[in-house]
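>>> When you get a sec, could you give me coordinates for this:
(one chain, ligands or ions: 1)
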Amino acid sequence: MAQKENPQLDSFAGPSSQGSSRFPDRISNLGDRRKDTRKFLHWLRHQDTTNRPDLAKAQAKLSSCGDWLAFNHYYTVDQIRLSACHTCDMPLLCSFCGSRRGSKYLQKYLERFKIVMAQKPHLKPVMLTLTTKNGEDLEERFTHFMKSLRKLLKKRRNAKKGVSRTELEKAVGGVYSVETTNKGKGWHVHMHAIVLLDDWIDREELSREWQAITRDGSKILDVRRLGKGSEIFDQEGNITPKLLEAFAEVFKYAVKFSDLDHSDRLHAWETMRGKRLVGSWGEFWGVEVPPGSLDDLLEDLPYMQLIYRFKRNAYNLASIRDFDDQGNPVGDGARTWEERPTGRTRTTPGHRPAISDHEE
Ligand SMILES: [Zn+2]
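Sure thing, here's the model as predicted:
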């Protein structure tokens, strides 16, 4: 895939399918995410947690999230995958887990998108944004938004059965995420979606439908064309940066919580945790995104396992170990970078690691 050259994807600390060339960026971005989580944790530790066992639990989980990472470097095909780590799995609170979540969604939905567009090249991808009015009460605004969205999606289902009609029935597939911001003018709940159209949507008409559903003057709706044919895939068949950016925009939803100030981030988590913030229909229906932070691993290939530890605000390589194509350790144990065998044919993962930070 062409994601390796796309800076938009840095917010996810790199997608899983990258090789060694961008690995230094990936590890440095993951370090930044972990740093952000540590900052939030520092703030949270100064809050009153009396009678709040959930906060005490969240503190404990955040404190050990991402303190070490194991990557498998499949050097014969130059692929580096996150193969083990301990994470908090609270993507709305934790920037590290938010970026891992987004990255996994992105990967899986891009795979589906490629398949659908290969089978149905006439479909037109567009980015659809729906918003509701800002308000002081996040719970009320979030509930209102979700109810309105469900009504619109129900209209689409009914239209398919011929019971009603809506502009959205032209969207034969869609994947969306719901996010919230607060820039001092109240809570702003909104949705970004990639939808696949078999006919152009009448924006004004859809806007009228959305107003009739929300009944709060929420007419802000944006439909952005993302191109067709060669504008979607380049000559090598890779998805173009414009499309990648649009998908990244949708799946950045979890990372966006880290942009809220700390008390707003905590409040958003309290209000929206456990709620489904990503949904899909039609051609995007049924994409499975496994839970947790790890990448899909490759089979029947030898690899080097790289263990990184977080110290002094960054991830540092602590040890390396070789495994054969059946996952059995080769040699007599873990080595430091200096002790690695030389003269072997394999790609090394980018920058020279700071092995002096190895904690033992
Ligand atoms: Zn985490």
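>>> isn't I27 right up against Y308?
Yes - assessed by CB atoms under 8 Å, I27 is found in contact with Y308 at 6.6 Å. Every residue, glycine included, has its C-beta placed from N, CA and C.
>>> okay, and the common contacts of the two?
Y315 (CB atoms under 8 Å, 6 or more residues apart in numbering).
>>> What confidence value was assigned to the residue nearest the centre of the chain?
In the chain, the C-alpha nearest the mean C-alpha coordinate belongs to G102, at 0.6 Å (CA atoms, centre = their mean). pLDDT, the model's per-residue confidence, is 93 for G102.
>>> Check D357 too.
30.
>>> what sits against the one residue in the stretch 251-360 of the chain that gets nearest to the ion?
At 7.6 Å from the ion, S293 is the closest residue in the stretch 251-360 of the chain, using CB to the ion. Contact partners of S293, counting by CB under 8 Å, 6+ apart, are L82, C85, T87, D89, F96, C97, R100, R101, K104.
>>> Please apply the same query to F145.
F145 touches T132, V178, V189, H190, M191, counting by CB under 8 Å, 6+ apart.
>>> My guess is F142 contacts T180. True?
Yes - with contact defined as CB under 8 Å, F142 counts as touching T180 (6.9 Å).
>>> circling back: what's the closest of the contacts of F145 to V330?
V178 (47.0 Å; CB to CB).
>>> quick one on the thing from earlier: buried set for the helix or strand harbouring the residue nearest to the centre of the chain?
Here G102 sits within helix 95-119, counting by DSSP states H and E. Applying a neighbour-count criterion of 16 or more other CB atoms under 10 Å, the buried positions in helix 95-119 are 95-110, 112-114, 116-117.
>>> Now do that helix: which elements does it pack against?
When contacts are defined as 3 or more CB pairs under 8 Å, 6 or more residues apart in numbering; DSSP states H and E, helix 95-119 packs onto helix 23-44, strand 171-182, strand 187-197, helix 241-251, helix 253-256.
>>> Can you check what angle separates that helix from strand 171-182?
For helix 95-119 against strand 171-182, the angle by axes from the mean of the first three to the mean of the last three CA atoms, to 10 degrees is 160 degrees.
>>> Okay, angle between the following helix or strand past helix 95-119 and helix 95-119 too, please.
Next helix or strand after helix 95-119 toward the C-terminus (DSSP H and E): strand 124-131. Between strand 124-131 and helix 95-119, the angle comes out at 140 degrees (the same axes, to 10 degrees).
>>> Return the per-residue confidence for R335.
66.
>>> The nearest residue to Y315 once chain neighbours are set aside: which element?
Once flanking residues are discounted, Y315 sits nearest to Y308: 4.2 Å by CB to CB, 6 or more residues apart in numbering. Assessed by DSSP H and E, Y308 sits inside strand 303-311.
>>> Pull up the residues of the chain that are close to the ion.
Counting by CB under 5 Å from the ion, the chain comes close to the ion at C65, T87, C88, C94, F96, C97.
>>> OK, contacts around the nearest residue to the fifth one once chain neighbours are set aside?
In other words, F96. Nearest residue to F96, sequence neighbours excluded (CB to CB, 6+ apart): R33, at 4.1 Å. Neighbour list for R33: A13, G66, S95, F96, G98, S99 [criterion: CB under 8 Å, 6+ apart].
>>> Surely the second one and L82 touch.
Translated: G66. No - applying CB under 8 Å, one finds G66 not in contact with L82, separated by 10.2 Å.
>>> thinking again about what came up before, which neighbours do F142 and T180 share?
With CB under 8 Å, 6+ apart as the test, F142 and T180 both reach W187, V189, M272.
>>> and which of those is nearest D54?
Taking the shared contacts of F142 and T180 together and measuring to D54 by CB to CB, the closest member is M272, at 14.2 Å.
>>> okay, that closest one: pLDDT?
For M272, pLDDT reads 96.
>>> How many residues are close by it?
20 (other CB atoms under 10 Å).
>>> What are the phi and psi values at it?
Main-chain dihedrals, M272, degrees, to the nearest 10: phi -110, psi 0.
>>> where does the chain have low pLDDT?
1-18, 333-360 (pLDDT under 70).
>>> mind giving me the domain ranges of it?
Annotated domains of the chain cover 7-98+299-339, 121-260+270-282 [automatic domain parsing].
>>> Reformat those domains into TSV and put distance to E288 next to each item.
Formatted as TSV, these follow (distance: least, CB to CB, whole Å):
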stretch	distance to E288
domain 7-98+299-339	15
domain 121-260+270-282	11
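>>> Quick check: nearest residue in space to K61, chain neighbours excluded?
Excluding the flanking residues, the one nearest K61 by CB to CB, 6+ apart is C88, at 3.8 Å.
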